[in-house]
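*Asks:* What would the 3D arrangement of this be:
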Amino acid sequence: MPIQTTRRPQTGRRPYSGSGQPSRNSSFSRRPNNNSGGRSRFSVRPARGGNSGGGRSGGGARKMPSFDPSQFINKNPVEVTEEAYVPTHGFNDFGLHPDIVATVTKQGITSPSPIQDQVIPLILEGKDVIGLAETGTGKTAAFLLPLIQKTLIQKNQQTIILTPTRELALQAEAEFRKFGAAFKLYATSCVGGTSIRPQIRALKRNNHFIIGTPGRILDLIDRGDLRTDRINNVVLDEADRMLDMGFIHDMRKILENVTKNRQTLFFSATMTTEAERLVNDFMKSPVTISVKKKDVTNSIAQDVVTYEHVHKFDTLLALLAKEELSRVIIFGAMKHSVEKLSNELVRNGIKADSIHGNKSHGQRQRSLGAFKSGNIRVLVATDVAARGIHVDNVSHVINYDLPGTFEDYVHRIGRTGRGTKRGQALTFVPKK
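*Replies:* Below is the predicted model:
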């Protein structure tokens, strides 16, 4: 099946300084943007300076976007009514082990989601699959269930799952433990930001599933602690995000090391030119399944908040004083500014915490747990939180710093208005 691609005009992420002005001493690696709508929504102007990115790879100067504020206004969102999907299979029809089906049923899942319905049979047939679907469509179960089944039949199977962030890796491991609880199958997570030694020890046992971020997985391969000749299945989850984060070289090196006689599964929200090249180089006659939903930006109330540079923080405090902002994610551009903003909010009596790349794995999990439990009301985050973090009932997303690309904007505001809930997104724009 042919792959549909979308051209992505070049843009980048906007650095942040405490005054709200772009920093003149910051640069970022350039990355493409998925506009998914023809004419680019952003104009760009060059940035100078240097700052390291979030992955092992990266480099080059990013460009800072300047945005048309009208693109962030949608006060009367469309009420999206999707036709109920009628699956062609039930979970009993896939040929899965009865205990797998029982576990799924216990979780209240009565019928397969569209991606599960269409992808599970193909994976069980051993085909390479490209699944185009957003976060929250059930794609983790779509690849885990058939791979667990495959492993039950052939115990020598070993699967490696690559994800862009630690949080996504841990979520995938948690899903595996739910679905594979009835069987003597083992999994381990190998992610950066934590000590490598426990991971090395865990790899000495017979792990059926290894879940990790590309940088840490490649480190373990280079050290000789992870043998790739045993890997039969590779899953690239949130592949577009891994490419955006600069992991392309790591991903290629990992795939080059793994035996050619493997099954490769590629899951992504978008198919970029870079992703298409990766698919063409490393997949065998893949079948493409697309279950992409309508544009999330059409169904979330959006508006801008104008501010004067010297009063940016005061403007935010005035917003947070409103009762309807009950559970809020605030996005900032830089790790240090996110931490600073979180601390300032706490000093002003707001229960807040932060999540960003400079925090250890344990710190990030504690911050996220406090937000999910309601112990804090505001989570201040970099774009590391824009994908794959599922928190119910987020009332508002605030773009305190402008996102780098329209794709980043879509993923940020997608943290609110999930499922049948309504949400609001507010974007800070300086007064002219």
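*Asks:* rest of the way, CA atoms for contacts and neighbours
*Replies:* Noted.
*Asks:* Which parts of the stretch 151-300 of the chain are strands?
*Replies:* Assigned by DSSP state E, counting those that start in this stretch, the strands in the stretch 151-300 of the chain fall at 159-162, 187-190, 209-212, 233-236, 263-268, 287-290.
*Asks:* Turn those into a markdown table, including mean neighbour count, distance to Ala142 and mean pLDDT.
*Replies:* Converted to a markdown table, those look like this (neighbours: other C-alpha atoms under 10 Å; distance: least, C-alpha to C-alpha, whole Å; pLDDT from 0 to 100):
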| stretch | mean neighbour count | distance to Ala142 | mean pLDDT |
| --- | --- | --- | --- |
| strand 159-162 | 25 | 13 | 98 |
| strand 187-190 | 22 | 17 | 96 |
| strand 209-212 | 25 | 15 | 97 |
| strand 233-236 | 21 | 11 | 98 |
| strand 263-268 | 23 | 10 | 95 |
| strand 287-290 | 18 | 12 | 95 |
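*Asks:* ok, Thr327 touching Asn393?
*Replies:* Not Thr; residue 327 is Arg. Yes - using C-alpha atoms under 8 Å, Arg327 is in contact with Asn393, at 7.1 Å.
*Asks:* Tell me which of the strands of the stretch 151-300 of the chain lies nearest to Asp128.
*Replies:* strand 263-268 (5.1 Å; C-alpha to C-alpha).
*Asks:* can you list contacts of the closest one?
*Replies:* 126-134, 139, 143, 232-241, 279, 282-283 (C-alpha atoms under 8 Å, 6 or more residues apart in numbering).
*Asks:* Give me the buried entries from these.
*Replies:* 127-134, 139, 143, 232-241, 279, 283 (16 or more other C-alpha atoms under 10 Å).
*Asks:* check contacts around Lys292.
*Replies:* 132-134, 269.
*Asks:* before we move on, what about Asp99?
*Replies:* Contacts of Asp99 by C-alpha under 8 Å, 6+ apart are Ala182.
*Asks:* Can you mark which positions in the one helix or strand it maps to are buried?
*Replies:* In the assignment (DSSP states H and E), Asp99 maps to helix 98-106. Neighbour-count burial for helix 98-106, counted by 16+ other C-alpha under 10 Å, picks out 100-101, 103-104.
*Asks:* Any idea how far that helix is from the middle of the chain?
*Replies:* 27 Å (C-alpha atoms, centre = their mean, to the nearest Å).
*Asks:* after that helix comes which helix or strand?
*Replies:* Immediately after helix 98-106, counting by DSSP H and E, sits helix 114-124.
*Asks:* for the record, mean pLDDT for the helix or strand that comes right after that following helix?
*Replies:* Note on helix 114-124: by DSSP H and E, the next helix or strand toward the C-terminus is strand 129-132. Averaged across strand 129-132, pLDDT comes to 95.
*Asks:* From the contact counts, what lies against strand 129-132?
*Replies:* Where contact means 3 or more C-alpha pairs under 8 Å, 6 or more residues apart in numbering; DSSP states H and E, strand 129-132 is packed against helix 114-124, strand 263-268, strand 287-290.
*Asks:* hmm, 10 Å instead?
*Replies:* When contacts are defined as 3 or more C-alpha pairs under 10 Å, 6 or more residues apart in numbering; DSSP states H and E, strand 129-132 sits against helix 114-124, helix 139-153, strand 263-268, strand 287-290.
*Asks:* What about Ile254, how many residues nearby?
*Replies:* 19 (other C-alpha atoms under 10 Å).
*Asks:* What's the separation between Ser290 and Leu278?
*Replies:* The gap separating Ser290 from Leu278 is 18 Å, by C-alpha to C-alpha, to the nearest Å.
*Asks:* Equivalent analysis for Gln158, please.
*Replies:* 22 Å.
*Asks:* do the same with Ile398
*Replies:* On the measure of C-alpha to C-alpha, Ile398 and Leu278 end up 34 Å apart.
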